[in-house]
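Novice: requesting a structural model of the entry that follows:
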Amino acid sequence: METPTGYGVVLVTAGNMQEAEAIANALVEAKLAACVSLLPIHSIYTWQGELHKEQEWQLLIKTDLAQFPAMEAKIKDLHSYEVPEIIALPIVAGSQAYLQWISQQVKSKE
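Specialist: Next comes the predicted model:
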């Protein structure tokens with residue numbers, strides 16, 4: 001897969017607040033994310049042929065998408081799900097000051 005470029009939001013769900021916070025802290029401390037917002041959500045999905053209705057936590061991770069491969073690896077190391085949601089969405093427009101702040105917070109790929 002081609003490495004995405006530019007700024008984006010990565011979506012990850014976690015089974016509880018403690019796991020969500022642990023992932024968020026690890027990503028920000030490793031400078032893989034500038035900011036992670038945590039939201040309680042109710043998810044309905046099919047897993048292994050069964051319908052599930054679960055309370056989960058949605059992580060909204062703001063980052064430079066050049067960090068996606070390292071971020072994905074870190075999330076997989078920390079996540080309890082067999083197949084965690086890790087989806088990157090590009091930011092197509094944003095406040096220049098905010099995007100510059102993301103750039104300053106996230107380590108360069110060098």
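
Novice: residue ranges in this structure under the pLDDT threshold?
Specialist: 1-5, 108-110 (pLDDT under 70).

Novice: can you give me the strands in it?
Specialist: Per DSSP state E, the chain carries strands over the ranges 7-14, 35-47, 50-64, 87-90.

Novice: show me what counts as buried in the longest helix anywhere in the chain.
Specialist: Counting residues, the longest helix found in the chain (DSSP state H) is helix 17-29. For helix 17-29, the neighbour count (16 or more other CB atoms under 10 Å) marks 19, 20, 23, 24, 26, 27, 28 as buried. Every C-beta, even on glycine, is put in place using the N, C-alpha and C of the backbone.

Novice: then stretch 97-104?
Specialist: Neighbour-count burial for stretch 97-104 [16+ other CB under 10 Å]: 99, 102.

Novice: how far out from the middle of the chain is it?
Specialist: Centroid separation between stretch 97-104 and its chain, computed with CA atoms, centre = their mean, to the nearest Å, is 17 Å.
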